[in-house]
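> give me a 3D structure for the following:
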Amino acid sequence: MSKIFNVAIVGCGIGRSHIVEGYLPNADKYKVVALCDLNQERLDKIADEFGIERRIVNFDDLLTMDDIDVIDVCTPPGAHLPMILAALRAGKHVICEKPLVGSLKDIDTVMAAEKEAPGKLMPVFQYRFGDGIEQVKKIIDAGIAGKPFTGTVETMWRREAAYYAVPWRGKWKTELGGVLMGHAIHPHDIFTYLMGDIARIFGRVATRVNPIEVEDCISASVEMKSGALASFTATLGSADEITRIRLSFENVTFESDHAPYNPGEKLWKILPRNDEAKSKIDALLANWQHVPSRFQTQMARFHDALTGKGDLPVTSTDSRRSLELVTAFYHSSSTHQDVALPLGPDHPLYQSWVPAQFR
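Purely as a prediction, here's the structure:
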């Protein structure tokens, strides 16, 4: 019988999805024993729904509870850093929603703390998981796809005034960014997960859809370290909603299912260039075992990592790569210059990409 880890969830917004998609399907691995939220009404509603008796309004109280193994941070982004650091210091394992923190300086602080902590830290990038993306990753890692040529990522979603009625959204101080940070961050992570590291980016951001502080439209030209080229486009003003990722390699082209919030679940189009590539792919994917999507698989693989049966499915290094892209994107847009990656402490936006007037 596998070890069951006791979990405390902080934030009852996306935290509810963690329960429904992540912890309930993995009931042999986790038990949610506590919920924490500043809003007592929301806290009681979610706790009643799932029969959770321990209801906490002061985050610090969780740190002293010896029976809690994992603290799952689902608060607005601006609150992540102190909670992550405090939970690691308290010896807890930590799961944290995206974006992990609000600057490269902060992620480097977290990574340093992580090295000294007994617990493990897992950022959330639940879009990575599911049959579709798993098959593509397997083909690429097996070397069948060959040299990468080009890629495109389109994040075409829709957000209107009701979405920004939630007080922390659309504001630099609490959301830390717009479509680039809170929405396209998922498809962009999928892209680098499959295609590797970015070498250079020339990006643009604009606010065109809603009267908010942060951006809701972006576009970029990207050069990969492999030499492949790519383009990123995103908006929160689309009439319909799709997430579309298309990757062209030497021996095969892949295209995602267009489901906006779960592009990894359904099988992707896999278009071999020739019969040889097709035969290799067919052999590799024979007797395929189903991979559940989103939080279910990410939480299951986190359990494997906690029990020594596997590696962390998402790491702080993955999170840094994501935030490095965000930093370069904002810098390129404000300076109208091409930006080379990686970015270190000498970069002008290392301490924060948030405009000075909003800090």
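> so after the lengthiest strand in the chain, what's the next helix or strand?
Ranked by residue count under DSSP state E, the longest strand found in the chain is strand 237-249. On the C-terminal side of strand 237-249, the closest following helix or strand by DSSP states H and E is strand 252-255.
> that following strand pairs with which strands, and in what direction?
strand 237-249 (antiparallel), strand 269-272 (antiparallel) (DSSP bridges).
> with just CA atoms, put it into PDB.
The C-alpha coordinates for strand 252-255 follow below in PDB (Å, rounded to 0.1, in the frame of the first residue of the first chain):
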ATOM      1  CA  VAL A 252       7.100  14.300 -38.700                       C
ATOM      2  CA  THR A 253       4.700  17.200 -38.100                       C
ATOM      3  CA  PHE A 254       2.600  17.400 -35.000                       C
ATOM      4  CA  GLU A 255      -0.600  19.500 -34.300                       C
END
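> pLDDT value on Ser2, please?
Ser2 is assigned a pLDDT of 81 by the prediction.
> can you verify it is assigned to a helix?
No: Ser2 is assigned coil when assessed by DSSP: H, G, I helix; E, B strand; the rest coil, not a helix.
> residue numbering should commence at 603 henceforth.
That works, and once the first residue is 603, the last one we named lands at Ser604.
> residues touching it, list them.
Neighbouring residues of Ser604 by Cβ atoms under 8 Å, 6 or more residues apart in numbering: 630-631, 905, 909. Every C-beta, even on glycine, is put in place using the N, C-alpha and C of the backbone.
> burial count for Gly615?
16 (other Cβ atoms under 10 Å).
> repeat for the one 10 residues further on
If you count neighbours by other Cβ under 10 Å, Tyr625 ends up with 22.
> correct me, but it touches Ala902?
No: if you go by Cβ atoms under 8 Å, Tyr625 and Ala902 don't touch, sitting 10.4 Å apart.
> on that earlier part again, gap between the longest strand of the chain and the chain center?
With Cα atoms, centre = their mean, to the nearest Å as the basis, strand 839-851 stands 17 Å off its chain's centre.
> could you do stretch 656-667 as well?
Relative to its chain's centre, stretch 656-667 lies at 26 Å (Cα atoms, centre = their mean).
> kindly report the same for stretch 879-891.
Using Cα atoms, centre = their mean, the offset of stretch 879-891 from its chain centre is 29 Å.
> what residues does the longest strand of the chain touch?
Residues from elsewhere that reach strand 839-851, judged by Cβ under 8 Å, 6+ apart: 738, 742, 747-760, 788-789, 792-793, 796-797, 810-811, 818-819, 855-858, 860-863, 865.
> ok, stretch 630-646 next?
Outside stretch 630-646, the residues that touch it by Cβ under 8 Å, 6+ apart are 603-614, 617, 621, 624-625, 648-649, 652, 654, 656-661, 663-664, 667, 669-670, 672, 901-902, 905.
> please enumerate the helices of the stretch 653-802 of the chain.
Residue ranges of the helices in the stretch 653-802 of the chain, as given by DSSP state H, counting those that start in this stretch, are 661-665, 682-691, 706-718, 733-743, 774-777, 781-784, 787-797.
> averaged pLDDT, the last one. What do you get?
With pLDDT averaged residue by residue, helix 787-797 scores 98.
> CA atoms of it as CSV?
Extracted C-alpha coordinates of helix 787-797, given in CSV (Å, rounded to 0.1, in the frame of the first residue of the first chain):
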residue,chain,number,x,y,z
ILE,A,787,2.2,30.6,-20.0
HIS,A,788,0.7,27.1,-20.3
PRO,A,789,1.0,26.6,-24.1
HIS,A,790,4.4,28.3,-24.1
ASP,A,791,5.5,25.8,-21.4
ILE,A,792,4.2,22.9,-23.6
PHE,A,793,6.2,24.4,-26.5
THR,A,794,9.5,24.5,-24.7
TYR,A,795,8.8,21.1,-23.0
LEU,A,796,8.7,19.6,-26.5
MET,A,797,11.0,21.9,-28.5
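> which helices and strands does it pack with?
Contacts defined by 3 or more Cβ pairs under 8 Å, 6 or more residues apart in numbering; DSSP states H and E place helix 787-797 against helix 733-743, strand 750-760, strand 831-837, strand 839-851, helix 918-937.
> could you dump those to JSON lines with mean neighbour count and distance to Leu945?
Compiled in JSON lines, the helices and strands packed on helix 787-797 are given as follows (neighbours: other Cβ atoms under 10 Å; distance: least, Cβ to Cβ, whole Å):
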{"stretch": "helix 733-743", "mean neighbour count": "20", "distance to Leu945": "26"}
{"stretch": "strand 750-760", "mean neighbour count": "19", "distance to Leu945": "20"}
{"stretch": "strand 831-837", "mean neighbour count": "20", "distance to Leu945": "17"}
{"stretch": "strand 839-851", "mean neighbour count": "18", "distance to Leu945": "24"}
{"stretch": "helix 918-937", "mean neighbour count": "21", "distance to Leu945": "5"}
